[in-house]
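Undergrad: What shape does this take:
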Amino acid sequence: MAPKLTVDYGALVKDDRVHGSVYLDPRIFEDEIETIFHRGWVYVGHTGEIPEPGDYRLKKIGRAPVIMVRDDRGQVRLLLNRCRHRAATVCQVECGNAKTFRCAYHGWTYRNSGELAAVTYQDGYGAGFRKEELGLTSVPRVGIYRGFVFGSLSPSGIPLEQHLGRATEQLDLFVELSPEGELDVRSGVNKYSYPANWKLQIENAIDGYHPNFVHQSYLEVIQKRTRIKLDTFNGDSVAETRDLGNGHVMLDYRPYNRAKGGAMRTVLPTIPGARQ
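TA: Model (predicted):
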């Protein structure tokens, strides 16, 4: 086996520029999958997506397919969507309500808690076969903050609270916008494909430079409906992109709000990062 090549990130990432290979080099992408998505905390979903016992949604942590499910006792679980027999998926429907998950390949059936409930032709496995040892594999670490569900494929590492750090303040602000102090996210999601490096997508969400051009018509509608003059097209925007640590960042409109005497009250919430 060829030795793993070491990437000199210090040479690629400078204070004022980033080398293009950071977005193109397959070695760097594999490093990110291993060190960020398969070791650190990753945002998976929200408890409001699965409000009732048996509710589930298919998710991913890095390359690992995951079932986020509320079991019959009401506990939120993250189960790897891999049969313990030959690793085929046990659920292929994106969301729904189920008491069991059945492997379509050989018919092994699991309860929504992950326990192995039934094995086809079990007599053929001999007297030493132990169903209790072959339930679906749980994601090693699961953490929930204000309904936001995070998972880590690594059995060890920093606690979720430490990983979130200063980002918890922004999550709190976002949730407290609800009169009930919690979010209802049962209405579904909008999805789109993004044929590019994942970091570019994240950067777009915290890039305050492009809205003047890409979203000009949207901002004009806001001005027309609210009668609040937005001076972003004259270079007068004082919104700031903030680094909250541990890979968490936000586009903060509070400076703009203060400059305009509280006319705008929108604070974009943190994008939960995954870096430890």
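Undergrad: Next one: R57 from R70, what distance?
TA: Distance of R57 to R70, computed by CB to CB, to the nearest Å: 10 Å. For glycine as for every other residue, the C-beta is placed from the backbone atoms N, C-alpha and C.
Undergrad: Spit out the residues that contact these two alike.
TA: Taking CB atoms under 8 Å, 6 or more residues apart in numbering as the contact rule, the neighbours common to R57 and R70 are I50.
Undergrad: Tell me the gap between stretch 178-196 and the middle of its chain.
TA: 11 Å (CA atoms, centre = their mean, to the nearest Å).
Undergrad: Touching it from outside, list them.
TA: Contacts of stretch 178-196 (CB under 8 Å, 6+ apart): Y23, H46, G48, E49, P51, R146, G147, V175, Q201.
Undergrad: three-state assignment of E34?
TA: Secondary structure for E34, judged by DSSP: H, G, I helix; E, B strand; the rest coil, is helix.
Undergrad: Check T120 too.
TA: Applying three-state DSSP: T120 is coil.
Undergrad: and what of E203?
TA: Three-state call for E203 (three-state DSSP): helix.
Undergrad: how near is it to A196?
TA: E203 is 10 Å from A196, by CB to CB.
Undergrad: More neighbours: those two, which one.
TA: E203 (14 against 10; other CB atoms under 10 Å).
Undergrad: Relative to I33, how far out is that one?
TA: 18 Å.
Undergrad: now swap in C83 and tell me
TA: Distance from C83 to I33, counting by CB to CB: 23 Å.
Undergrad: Just want to know which of these two has more residues nearby.
TA: Neighbour tally, C83 and I33, criterion other CB under 10 Å: the higher count belongs to C83, 23 against 14.
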